[in-house]
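Peer 1: just a sequence and a predicted model for now, questions to come.
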Protein chains: 2
Amino acid sequence: MTDMELGSSDGALSDAAEGPPSPLDADPAYRVAVVDLLGGLAYSELSAFERLTEDATTAPTLQDKVALAAMAVREFGHFERLRDRLLELGADPFAAMEPFHAPVDAFHAHTAPSDWFESLIKAYVGDGLAADFYREIAAYLDAATRDLILTTLDNTGQSEFVVDRVRRAIEADPKIAGRLALWGRRLMGEALSQAQRVAAERNALTALLVGGVDRPGMDLAAIARMFGRLAETHTARMSTLGLRA
Amino acid sequence: MTDMELGSSDGALSDAAEGPPSPLDADPAYRVAVVDLLGGLAYSELSAFERLTEDATTAPTLQDKVALAAMAVREFGHFERLRDRLLELGADPFAAMEPFHAPVDAFHAHTAPSDWFESLIKAYVGDGLAADFYREIAAYLDAATRDLILTTLDNTGQSEFVVDRVRRAIEADPKIAGRLALWGRRLMGEALSQAQRVAAERNALTALLVGGVDRPGMDLAAIARMFGRLAETHTARMSTLGLRA
């Protein structure tokens, strides 16, 4: 074989698939787990869109309504990316989302905001928690799925208005801080409780985090540390709002 | 003056503003009218977003819900463009939208869909009417505003699913066609009635269509012809749905 032939053969290979073969092709169990993960995230984003648009109807001003609607529309954009990726993988997005209806709907049923500030905090805390979780799991995914997850996070940071509104409300009426801090704890508690339910029911998904024979994963201690980090950033977010977590 | 000086002077001019000065700078009344127009369109798009997301909650399947939500999200994108253009023009978008709250809200109050198919038809007819109206008025606007209006139309055509759903529903139960045809007439009637109200109340906006001393516009006959064309394309749309207008 000449150098030239080697070169052209390399070129053809890297056109078809850069680097080692993706576990999406090589490992059917991994593929099932990724479809499960993307389905769960897609339904979470779609539900976030629905709840935020519903919450936006209680906005005190049209400006506030537009700001919350913009957050909702961003979540819908995330949903569309995740759905399109599921289609690329040959999966039915609606079938992939189906197992997550119950836990996600339960989360929302248990955290229906009773006023505008509870809506704002739910939007902010939910968006933040989702972003943290995306970042945590990205490391355990193949390159293509990881890139999707990380670019889905790209357009965050539109929620400064939430911080502004909540801090101003607390300044104007400091006694609401206690109730809103409790609300933040309830949001985190419900999120963890539904996450546990998913972990118990979706073996493929759990296996994804725990890893495989030739794929690194988290042991139980690592998973506990991940939850610790999620709790820490949640506390930091609550404190940005002027609330104790 | 040398040719070279002339050339460089031309170059500088075309950097600052291509072609003749925009009536946005030269004609304060025109500017007021454009701000009024963009404000009215922006509030219409924002309201369309709100109503469509509300209507999406009654979708019979998650697939249908996503399809209607996608139409809603597109309207929000239109709203954002119009709002950003108002900001560029130095106008307060919320102040510009304010005079249109009453007619647009009245339109929606008088056309609250009583079921999923009425929602679908309202989405389709409303989107189509808006697009037709945008196209009609674009010719009377300065180049920058016209480009904005026309690119706002660019991403239409996501509403084929409406045609599919409505046609299938009529096939399955032909007797609903009469009620839905009446519904289409009511939508058009309410739209015209609110448009008349806006025309009567917003002199600057009416003056925009009628033209000025050095700006071509429509005479009454031309305005009547425009409404005739809007009615024709409405009829064509209803017929695409399998309904008589």
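Peer 2: Nice, thanks for sending it over.

Peer 1: contacts only, for A:Gly90.
Peer 2: For A:Gly90, no contacting residues are found, by CB atoms under 8 Å, 6 or more residues apart in numbering or on different chains. C-beta coordinates here come from the backbone N, C-alpha and C atoms, glycine included.

Peer 1: so how far is A:Met97 from the residue nearest to A:Ala144 when sequence neighbours are not counted?
Peer 2: Using CB to CB, 6 or more residues apart in numbering or on different chains and skipping the chain neighbours, the partner closest in space to A:Ala144 is A:Ser22 (6.6 Å). Counting by CB to CB, to the nearest Å, the separation of A:Ser22 from A:Met97 is 23 Å.

Peer 1: how about chain A: which residue is closest to chain B?
Peer 2: Residue nearest to chain B within chain A (CB to the nearest CB): A:Thr53, separated by 4.1 Å.

Peer 1: picking that back up, compare neighbour counts for A:Ser22 and A:Met97 and give me the winner.
Peer 2: With neighbours defined as other CB atoms under 10 Å in any protein chain shown, A:Ser22 and A:Met97 compare such that A:Met97 has more, 26 against 17.

Peer 1: nearest residue to the more buried one other than its sequence neighbours?
Peer 2: Per CB to CB, 6+ apart, closest to A:Met97 is A:Tyr43, 3.9 Å.

Peer 1: quick one: contacts for the one you found?
Peer 2: Contacts of A:Tyr43 by CB under 8 Å, 6+ apart are A:Met97, A:Phe100, A:His101, A:Val104.

Peer 1: wait, doesn't A:Ile223 sit right on A:Leu209?
Peer 2: Yes. In this structure, A:Ile223 is within contact of A:Leu209 by CB atoms under 8 Å, at 6.5 Å.

Peer 1: check which element follows the strand or helix carrying the residue of chain A closest to chain B along the chain.
Peer 2: Using DSSP states H and E, A:Thr53 sits within helix A:28-56. Once helix A:28-56 ends, the next helix or strand along the chain (criterion: DSSP H and E) is helix A:62-88.

Peer 1: and the helix or strand just after that next one, what other elements does it pack with?
Peer 2: Using DSSP H and E, the next helix or strand after helix A:62-88 towards the C-terminus is helix A:93-97. Secondary-structure packing of helix A:93-97 (3 or more CB pairs under 8 Å, 6 or more residues apart in numbering or on different chains; DSSP states H and E): helix A:28-56, helix A:62-88, helix B:62-88.

Peer 1: ok so, going back, which among the contacts of A:Tyr43 end up buried?
Peer 2: Among the contacts of A:Tyr43, those that count as buried by neighbour count (16 or more other CB atoms under 10 Å in any protein chain shown) are A:Met97, A:Phe100, A:Val104.

Peer 1: tell me where chain A is predicted with low confidence.
Peer 2: A:1-20, A:154-158, A:212-215 (pLDDT under 70).

Peer 1: ok, the residue lying closest to A:Arg165 once chain neighbours are set aside - contacts?
Peer 2: Leaving aside its chain neighbours, A:Arg165 sits nearest to A:Leu120 (5.7 Å; criterion: CB to CB, 6+ apart). Counting by CB under 8 Å, 6+ apart, A:Leu120 touches A:Leu68, A:Val162, A:Arg165, A:Val166.

Peer 1: surely the first one touches A:Phe117?
Peer 2: No. Judged on CB under 8 Å, A:Leu68 makes no contact with A:Phe117 at a distance of 11.7 Å.

Peer 1: quick one, helices of chain A?
Peer 2: A:3-16, A:23-26, A:28-56, A:62-88, A:93-97, A:101-110, A:116-138, A:143-154, A:160-172, A:176-201, A:203-210, A:220-240 (DSSP state H).

Peer 1: what's the most buried one of those helices?
Peer 2: Among the helices of chain A, ranked by average contacts under mean count of other CB atoms under 10 Å in any protein chain shown, first place goes to helix A:28-56 (a mean of 22).

Peer 1: what angle do it and helix A:203-210 make?
Peer 2: Helix A:28-56 and helix A:203-210 meet at an angle of 100 degrees, taking axes from the mean of the first three to the mean of the last three CA atoms, to 10 degrees as the criterion.

Peer 1: tell me what angle helix A:28-56 forms with helix A:62-88.
Peer 2: 160 degrees.

Peer 1: what's stretch A:49-59 in contact with?
Peer 2: A:65, A:68-69, A:71-73, A:75-76, A:79, A:108, A:113, A:115-116, A:119, A:122-123, B:50, B:53-54, B:56-57, B:69, B:72.

Peer 1: tell me how far the residue most central in space within chain A lies from B:Ala139.
Peer 2: With distances taken as CA atoms, centre = their mean, A:Ala130 lies nearest the centre of chain A, 3.2 Å away. Noted for A:Ala130: a distance of 46 Å to B:Ala139, by CB to CB.

Peer 1: then A:Ala106?
Peer 2: Applying CB to CB to A:Ala106 and B:Ala139 gives a distance of 54 Å.

Peer 1: A:Gly39 too?
Peer 2: For A:Gly39 relative to B:Ala139 (CB to CB), the value is 48 Å.

Peer 1: need the contact list for the spatially closest residue to A:Tyr124 that is not a sequence neighbour.
Peer 2: Nearest residue to A:Tyr124, sequence neighbours excluded (CB to CB, 6+ apart): A:Val162, at 4.2 Å. A:Val162 makes contact with A:Leu120, A:Ile121, A:Ala123, A:Tyr124, A:Leu241 under the criterion CB under 8 Å, 6+ apart.

Peer 1: what residues does chain A have near chain B?
Peer 2: Chain A comes close to chain B at residues A:46, A:49-50, A:53-54, A:56-57, A:62-63, A:65-66, A:69-70, A:72-73, A:76-77, A:79-80, A:83, A:94, A:97, as judged by CB under 8 Å from any CB of the partner chain.

Peer 1: now with 6 Å, please.
Peer 2: Residues of chain A lying near chain B by CB under 6 Å from any CB of the partner chain: A:Thr53, A:Leu62, A:Val73, A:Phe76, A:Phe94.

Peer 1: now these as a markdown table including distance to B:Thr151?
Peer 2: Listed next are these as a markdown table, based on distance: CB to CB, whole Å:
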| residue | distance to B:Thr151 |
| --- | --- |
| A:Thr53 | 25 |
| A:Leu62 | 25 |
| A:Val73 | 18 |
| A:Phe76 | 21 |
| A:Phe94 | 32 |
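
Peer 1: could you identify the most distant pair in those residues?
Peer 2: Greatest spacing in the residues of chain A next to chain B, by CB to CB: A:Leu62 and A:Phe94 (34.2 Å).
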